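>>> Can you look at this prediction? I've put the sequence above it.
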Amino acid sequence: MKKFINVFPFSAESGSGIDGSVSFTLEWNDLKFVFSSDTYPNKWFAEFATDADLVIHECFIAVPDLVTKMGWTPEMALQVGTQIHTAPEAFGKVMSAVETRPVGVGQPRSQCLLLAERNS
């Protein structure tokens, strides 16, 4: 049994131009976990998550809901909902690209997260 945990950070690609969000993989005993952090869809996440046993990727509120329910301007909603975070439509494409199967959805505060595990 391995006694070491390998952690590999990679760019979370937030369109805000602000550094801080970091995606990462964690490997231990031939298991792999990948976490997106705040990000919009990017090639690195799909690349690192493809062979993962457990994947967590953020999914932000849909742009129309940011406007109607949160009172945001359409411009702000479009920028934040698609260029800084992951829109629900893009989230589905990300999960399809990494060939995972959903095992649970949660909504902490204003975001939803989906846990997925590798198809066996």
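Looks like it arrived, so ask away. Residues are numbered from 1 along each chain as shown.

>>> In terms of helices and strands, where is residue 67?
Using DSSP states H and E, the element containing residue 67 is helix 63-68.

>>> buried sites along that helix?
63, 66, 67 (16 or more other C-beta atoms under 10 Å). No exception for glycine: its C-beta is placed from N, CA and C like everyone else's.

>>> same thing with stretch 35-52?
The neighbour-count check on stretch 35-52 (16+ other C-beta under 10 Å) flags 35-42, 45-46, 48-49, 52 as buried.

>>> among those residues, which are in strands?
Judged by DSSP state E, the buried residues of stretch 35-52 include residue 35 as members of strands.

>>> Tabulate the buried residues of stretch 35-52 (JSON lines), appending distance to residue 92 and pLDDT.
Output for the buried residues of stretch 35-52, formatted as JSON lines (distance: C-beta to C-beta, whole Å; pLDDT from 0 to 100):
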{"residue": "35", "distance to residue 92": "18", "pLDDT": "85"}
{"residue": "36", "distance to residue 92": "14", "pLDDT": "84"}
{"residue": "37", "distance to residue 92": "19", "pLDDT": "80"}
{"residue": "38", "distance to residue 92": "18", "pLDDT": "79"}
{"residue": "39", "distance to residue 92": "15", "pLDDT": "80"}
{"residue": "40", "distance to residue 92": "14", "pLDDT": "79"}
{"residue": "41", "distance to residue 92": "10", "pLDDT": "80"}
{"residue": "42", "distance to residue 92": "15", "pLDDT": "79"}
{"residue": "45", "distance to residue 92": "14", "pLDDT": "83"}
{"residue": "46", "distance to residue 92": "13", "pLDDT": "82"}
{"residue": "48", "distance to residue 92": "19", "pLDDT": "84"}
{"residue": "49", "distance to residue 92": "14", "pLDDT": "85"}
{"residue": "52", "distance to residue 92": "17", "pLDDT": "85"}
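
>>> How about the residue positioned nearest the centre of the chain: which residues does it bridge to?
Nearest to the mean C-alpha position of the chain, by C-alpha atoms, centre = their mean, lies residue 57 at 2.3 Å. Beta-bridge partners recorded for residue 57 (DSSP bridges): residue 114.
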